[in-house]
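> show me the folded form of this:
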Amino acid sequence: MTPTSDLSRRAVLTALTILPLVASTSACAQPGNSRSLANGKVLVAYFTRSGNTRVIAGTIARTLGATLFEIRPARAYPDDYEETVAQARQERDSGFEPALAETVTNVATYDTVFLGFPIWGETAPPVIRSFLRAHDLQGKTLRPFITHGGYGTGNSSAVLASHAPGARVEDPFVMEADQERRTLTQVNSWLGVKPS
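You can find the predicted model right below:
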């Protein structure tokens, strides 16, 4: 993929994501609306593998003038897509929650937390569970934004409810963004490799 085509893909993702978010946050910021973001401090925390969720997170942060925080495990996931899928499946099945590279030191100062992540194995990635367990979001508004490869949000709502007790979890912004999986499928097809 050339830098130009990558930029075009990112521009399209940005355009697709900003319209619903701007409409949603504009509605929230109307006078007299108790969900106004204007008076509260906003954090945009996200985890990404391929960059799709990063594009959405950056758009939200720029639009709202929010603080941006990338969630990273202390030990990075493999660069290879299939190795990452296998590791994530093993972590999910065992209930493992990886250590974080760093935490938000002043999370208490934020009123609203936008939380972005891709769906892995029909659920939130283990590192999202780690993030939620490491940060007390009680009394805060949690606004999830989720990317997925065509299978929907799985049980991620249940994960958010159980790992962010006391937070007001709003309905998520959800977007299919499966470029990595689609690319892998097409390359394997071209090579004559049957899916496993």
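> mind listing the helices for this protein?
3-28, 52-64, 81-94, 126-134, 156-163, 179-191 (DSSP state H).
> got the buried residues for the fifth one?
Judged by neighbour count using 16 or more other CB atoms under 10 Å, the buried positions of helix 156-163 are 156, 159-160, 163. In this view, the C-beta of every residue, glycine as well, is placed from N, C-alpha and C.
> weakest of the helices of the chain in terms of mean pLDDT?
Ranked by mean pLDDT, these end with helix 3-28 in last place, scoring a mean of 44.
> can you check the pLDDT for the residue lying closest to A45 once chain neighbours are set aside?
Closest residue to A45 apart from its sequence neighbours, by CB to CB, 6 or more residues apart in numbering: F69 at 4.5 Å. pLDDT recorded at F69 is 98.
> heads up, I number from 7, so please use that
Got it, the first residue is 7 from now on, which makes the last one we talked about F75.
> let me see the contact set for F75.
By CB atoms under 8 Å, 6 or more residues apart in numbering, F75 lies in contact with 49-52, 110.
> quick check, nearest of those residues to Q93?
Y52 (19.7 Å; CB to CB).
> quick one: contacts for the closest one?
If you count contacts by CB under 8 Å, 6+ apart, Y52 has them with 59-60, 62-63, 74-77, 120-123, 151.
> can you say which of those residues are buried?
59-60, 62-63, 75, 77, 120-123, 151.
> of the contacts of Y52, closest to F137?
Out of these, the member with the shortest distance to F137 (by CB to CB) is I77, at 5.0 Å.
> now the closest one, nearest residue through space, not along the chain?
Nearest residue to I77 in three dimensions, chain neighbours excluded: F53, at 4.1 Å (CB to CB, 6+ apart).
> and if you look at H169?
The shortest distance from H169 to any non-neighbouring residue, by CB to CB, 6+ apart, is to L138 (3.7 Å).
> how near is that neighbour to P84?
23 Å (CB to CB, to the nearest Å).
> looking at those two, which is more packed in?
The neighbour comparison of L138 against P84 (other CB atoms under 10 Å) goes to L138, with 24 against 12.
> from what I see, that one and A170 are in contact.
Yes: judged on CB atoms under 8 Å, L138 makes contact with A170 at a distance of 5.1 Å.
> joint contacts of these two?
Contacts common to L138 and A170, judged by CB under 8 Å, 6+ apart, are absent.
> so which bits of stretch 139-147 are buried?
Going by neighbour count (16+ other CB under 10 Å), the buried part of stretch 139-147 is 140-141, 143, 146-147.
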